[in-house]
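Student: Build the 3D model from these lines:
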Amino acid sequence: MDNSLASQLAFLDPLDQLLFSERYDLRPIQPADEAGAVAVIEQSLMSYPDEGTVLASTRRRLPRFLASYQEDGAVYLVLRDREGGQVIGGVGVRPFAGLDPREHIGEIRELVISPAYRGLGLGRKLMKAGIQKARELGYVRLYLEATSEMRHAQTLFRRIGFRPVEFQQKESNSSRREIFPSYFVLEQAD
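Tutor: Purely as a prediction, here's the structure:
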């Protein structure tokens with residue numbers, strides 16, 4: 001499998017790819033990246049309340065994060081800023097809910113961007129890289145989960161082509177019941 005930066009960035013147009021690759025490095029997680037990736041995940045996701053299982057599995061995975069992405073059908077791509085050398089984001093692809101990768105059903109997990117780097121389109125690039133990697137791994141259907149507070153992420157998921165498949169209700173501050181999508185799916189064309 002080709003893990004070169006060029007293959008990871010094939011989803012970008014040539015000019016965007018050049019600018020992106022000059023500033024950022026996108027690659028599968030390495031042992032030296034683990035602490036930085038966990039720190040960005042904790043900074044980005046752990047501020048959200050744990051609604052059901054959305055973040056519970058992420059919390060369980062953090063103490064052995066690198067190992068959890070060295071299983072069959074799993075990969076975590078880290079995004080590093082070349083100027084500072086630090087991990088600033090990442091996206092994971094793995095079999096859905098413990099299914100065998102041969103089921104061809106995967107999930108996108110731990111899509112994060114450090115707050116200082118938000119608003120630059122990096123989340124979209126990471127999501128597209130995750131989808132591309134999922135295709136390379138043979139996944140034809142991808143799921144992802146979100147909490148009600150992840151409104152920007154939900155907008156991104158829809159723009160990329162994910163559609164909501166399950167909704168949950170939550171009491172809002174004004175005692176109204178709020179309905180929000182909790183699971184999204186993307187059917188991949190061959």
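Student: contacts, neighbours, all on C-alpha from now
Tutor: Fine.
Student: mind listing the strands for this structure?
Tutor: 24-28, 75-81, 87-95, 105-113, 141-145, 163-171, 177-187 (DSSP state E).
Student: most neighbours per residue, which of those?
Tutor: strand 87-95 (a mean of 27; mean count of other CA atoms under 10 Å).
Student: What is that strand packed up against?
Tutor: On a contact count with 3 or more CA pairs under 8 Å, 6 or more residues apart in numbering; DSSP states H and E, strand 87-95 meets helix 34-45, strand 75-81, strand 105-113, helix 122-136.
Student: So for residue 26, which of those sits nearest?
Tutor: Residue 26 lies closest to strand 75-81 among those, at 4.6 Å (CA to CA).
Student: Measure how the closest one sits relative to strand 24-28, angle-wise.
Tutor: Compare the direction of strand 75-81 with that of strand 24-28 by axes from the mean of the first three to the mean of the last three CA atoms, to 10 degrees and you get 160 degrees.
Student: Report all helices and strands that strand 75-81 contacts.
Tutor: Against strand 75-81 (3+ CA pairs under 8 Å, 6+ apart) you get strand 24-28, strand 87-95.
Student: now the strands of the chain as TSV including mean pLDDT?
Tutor: Output for the strands of the chain, formatted as TSV (pLDDT from 0 to 100):
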stretch	mean pLDDT
strand 24-28	92
strand 75-81	96
strand 87-95	96
strand 105-113	93
strand 141-145	90
strand 163-171	66
strand 177-187	68
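Student: right, and those strands - which one's nearest residue 37?
Tutor: Per CA to CA, nearest to residue 37 of those: strand 87-95, 6.0 Å.
Student: what does that closest one contact?
Tutor: 33, 36-37, 40-41, 69, 73-81, 101, 104-114, 117, 126-127, 130, 133-134 (CA atoms under 8 Å, 6 or more residues apart in numbering).
Student: Send me stretch 124-140 as PDB with only the CA atoms.
Tutor: The C-alpha coordinates for stretch 124-140 follow below in PDB (Å, rounded to 0.1, in the frame of the first residue of the first chain):
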ATOM      1  CA  ARG A 124     -12.600  18.900   5.400                       C
ATOM      2  CA  LYS A 125      -9.200  17.800   4.000                       C
ATOM      3  CA  LEU A 126      -8.800  15.300   6.900                       C
ATOM      4  CA  MET A 127     -12.300  13.900   6.300                       C
ATOM      5  CA  LYS A 128     -11.600  13.400   2.600                       C
ATOM      6  CA  ALA A 129      -8.300  11.800   3.400                       C
ATOM      7  CA  GLY A 130     -10.000   9.400   5.800                       C
ATOM      8  CA  ILE A 131     -12.600   8.500   3.200                       C
ATOM      9  CA  GLN A 132      -9.900   7.900   0.700                       C
ATOM     10  CA  LYS A 133      -8.100   5.700   3.100                       C
ATOM     11  CA  ALA A 134     -11.300   3.800   3.900                       C
ATOM     12  CA  ARG A 135     -11.700   3.100   0.200                       C
ATOM     13  CA  GLU A 136      -8.200   1.700   0.000                       C
ATOM     14  CA  LEU A 137      -9.000  -0.500   3.000                       C
ATOM     15  CA  GLY A 138     -12.000  -1.800   1.100                       C
ATOM     16  CA  TYR A 139     -14.800  -0.200   3.100                       C
ATOM     17  CA  VAL A 140     -18.000   0.500   1.100                       C
END
